[in-house]
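Student: Prediction below, plus the sequence it came from.
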Amino acid sequence: MADFDTIFIGAGPGGYVGAIRAAQLGQKVACVEGRETLGGTCLNVGCIPSKALLHATHLLHETHENFEKMGLMGAAPKVDWVKMQAYKADVVAGNTKGIEFLFKKNKVTWLKGWATIPAPGQVKVGDEIHTARNIVIATGSEPSTLPGVEIDEQTVVTSTGALTLAQPPKSMVVIGAGVIGLEMGSVYARLGTEVTVVEYLDAITPGMDAEVAKTFQRILAKQGLKFILGAAVQSVTKSKKGATVSYKLKKNDSEATLEAEIVLVATGRKPYTAGLGLEALGVEMGPRGTIKTDAHFQTSIPGLYAIGDTIAGPMLAHKAEDEGMAVAEILAGKHGHVNYGVIPGVIYTTPEVANVGKTEEQLKEDGRAYKVGKFPFMGNARAKAVFQAEGFVKILADATTDRILGAHIIGPAAGDLIHEICVAMEFGASAQDLALTCHAHPTWSEAVREAALACGDGAIHA
Ligand code: NAI
């Protein structure tokens, strides 16, 4: 008899959610985690701490930008960076302890330490070997840096170091205009840092609907972020003041340098599988360091599964969570499933940016006939009342059937508004289904309904 039905390796959103669901389904479950606290990158050094800093600095920004307009007079608050860091740490601790509580509640055993897989069905933690019928690798990802760029997490940092800088710097170069670069760039720009974002491509946020990306860049530029696009970073060298970033402009091959106190390298992440012993096991790998899996998350080794950032697909906490639940259900003999066509993406800047499904660019490439229903937040009374009328909701629907194919939102609470469309898409809804649904007034959600109306006979307030 094996010690456990299933051992999850890694207690990030994929592993801990999978472990809880597997236990709920009656399995004897363990989860291996070497970090001092549960929750993985997301809770400890990713999604959650960054949201705390985004929240605090957003409020600070509001005091500068909008308080006087509302008759709220007086000096804007001063930043106590140490206290802000303590607030962030409290938020993280509250969440990681919450998972510890959930593990106890669901009788998931936390095996503390770093795991290796010496043989199929075995997980070694420290000197001890634990046996399991199934093993699920959920070890997440790590920053993928550039060749010739040395990270010290003090001056040249990844998102991890960017969350715990000794103080907000005077200047910062962000390499990569992706999600991390723009969220952390926003945090520091709001704290008064001069932020310059250097991006290899000619637009920010690769893969995002081009119209949204353009609007997003314009709004961020207004907030003080500078952008150098079409620029390939060649090297980063430490200097007296901080570090020097050398880059080459793609359009004319000219080279230039930028000097900053801090350089944030945000050029993507790669699967973190080092030390598991996958090579010795002969596990088949996919592109870019991912683990190859079948439709049931099983690797080339029977009984060995992988989910989340270690396998193909977007590196998102909620995608990993869904895969964690799905694999737990499959292992319990149920029909676990992830609908990869309806995975939302959110950037937690102000305004927020959110998307689900196809972009216009993808639909054109697919040669699909589609219609666009667009509604600006300028026509939304609630957004105007709170100075958040920039941006829009855009719904893409099939030209013939009216079925919703994708949605792109830039505006207030976009990260929450998007889920109405996710649910609609799960149910195969048409834009008219959304348009016929009564939406409370005055809410930001009305902008979603108006965009749906715009797919038909037209929006009312545009
Ligand atoms: P990313 O893949 O979103 O963006 C990286 C950017 O760096 C790209 O625009 C790329 O063109 C650029 N780049 C690459 N090499 C370059 C070079 N030599 N010079 C200039 N630019 C260069 O990666 P990011 O922002 O590091 O995020 C990593 C992962 O974490 C992503 O998968 C992201 O989805 C996830 N994440 C998600 C969040 C969310 O959902 N809110 C928050 C933070 C991270």
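Tutor: Great, that's in hand. Numbers count the residues shown, from 1 in each chain.
Student: touching the ligand at all, the helix or strand containing A354?
Tutor: If you go by DSSP states H and E, A354 is part of strand 352-357. No. Strand 352-357 lies out of reach of the ligand by C-beta under 6 Å from any ligand atom, never closer than 9.2 Å. Quick note: C-beta positions are derived from backbone N, CA and C, even for glycine.
Student: Now do that strand: everything it contacts.
Tutor: Residues outside strand 352-357 that contact it (C-beta atoms under 8 Å, 6 or more residues apart in numbering) are 205, 208-209, 212, 216, 341-347, 396, 404-415, 417-418, 421-422, 425.
Student: Could I get the pLDDT score of the residue in the chain that the ligand sits nearest to?
Tutor: Residue of the chain nearest the ligand, by C-beta to the nearest ligand atom: G178 (2.0 Å). On the pLDDT scale, G178 is placed at 98.
Student: right, and it touches M208 too?
Tutor: No. Taking contacts as C-beta atoms under 8 Å, G178 lies outside contact range of M208: 9.7 Å.
Student: tell me which residues in stretch 83-102 are buried?
Tutor: Neighbour counts using 16 or more other C-beta atoms under 10 Å place 84-85, 87-88, 91-92, 95-96, 99-100, 102 of stretch 83-102 among the buried residues.
Student: so what's T257 up against?
Tutor: 244-247.
Student: Same question for F101, what's its three-state structure.
Tutor: Following DSSP: H, G, I helix; E, B strand; the rest coil, the label given to F101 is helix.
Student: ok, now which ones touch it?
Tutor: Listed by C-beta under 8 Å, 6+ apart, F101 has no contact partners.
Student: mind checking how far it is from Y16?
Tutor: As judged by C-beta to C-beta, to the nearest Å, F101 and Y16 stand 12 Å apart.
Student: overlap in contacts of those two?
Tutor: Counting by C-beta under 8 Å, 6+ apart, nothing touches both F101 and Y16.
Student: Please convert the buried members of the contacts of T257 into PyMOL selection syntax.
Tutor: Per 16+ other C-beta under 10 Å, the buried members of these correspond to this PyMOL selection:
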select buried, resi 244+245+247
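Student: among the contacts of T257, which are in strands?
Tutor: 244-247 (DSSP state E).
Student: which one of those sits closest to V174?
Tutor: V245 (9.7 Å; C-beta to C-beta).
Student: didn't the closest one look like it was pressed against L258?
Tutor: Yes. Using C-beta under 8 Å, V245 is in contact with L258, at 4.7 Å.
Student: Find the nearest non-adjacent residue to V356, please.
Tutor: P344 (4.5 Å; C-beta to C-beta, 6 or more residues apart in numbering).
Student: Contact residues of the stretch 201-350 of the chain facing the ligand?
Tutor: Counting by C-beta under 6 Å from any ligand atom, the stretch 201-350 of the chain comes close to the ligand at 201, 206, 232-233, 266-269, 315-316, 346-348.
Student: Would you mind checking the residues you listed for buried ones?
Tutor: So, by 16+ other C-beta under 10 Å, the buried ones in those are 201, 232-233, 266-269, 315-316, 346-348.
Student: What about A260? Give its phi and psi, please.
Tutor: Dihedral angles of A260 (phi, psi; degrees, to the nearest 10) stand at phi -150, psi 160.
Student: and it, bridged to which residues?
Tutor: A243 (DSSP bridges).
Student: Could you check how many residues crowd around it?
Tutor: 25 (other C-beta atoms under 10 Å).
Student: Against K241, how distant is it?
Tutor: A260 sits 8 Å away from K241, going by C-beta to C-beta.
Student: if I pick the residue most central in space within the chain, what's in contact with it?
Tutor: Centroid-nearest residue in the chain, with C-alpha atoms, centre = their mean: L316, separated by 4.9 Å. Listed by C-beta under 8 Å, 6+ apart, the contact set of L316 reads 343, 345.
Student: For it, give me the backbone phi and psi.
Tutor: Backbone torsions of L316, given as degrees, to the nearest 10, read phi -130, psi 140.
Student: cool, the one 3 residues further on as well?
Tutor: Comment: the main-chain dihedrals of K319 come out as phi -70, psi -40, following degrees, to the nearest 10.
Student: Check it and give its pLDDT.
Tutor: K319 carries a pLDDT value of 98.
Student: and if you look at G148?
Tutor: pLDDT for G148: 84.
Student: Spell out the secondary structure type for it.
Tutor: Here G148 is coil, with the state taken from three-state DSSP.
Student: who does K112 bridge with?
Tutor: Beta-bridge pairing for K112 (DSSP bridges): E33.
Student: What is the burial count for it?
Tutor: Neighbourhood size, K112 [other C-beta under 10 Å]: 12.
Student: tell me which residues in the longest strand seen in the chain are buried?
Tutor: For the chain, the strand with the greatest residue count under DSSP E is strand 128-137. If you call a residue buried by 16+ other C-beta under 10 Å, then strand 128-137 has these buried ones: 130, 132-137.
Student: now the helices: where do they sit in this structure?
Tutor: Assigned by DSSP state H, the chain shows helices spanning 13-24, 40-45, 47-65, 81-105, 159-162, 179-190, 210-222, 278-281, 317-331, 360-366, 381-385, 414-426, 431-435, 445-454.
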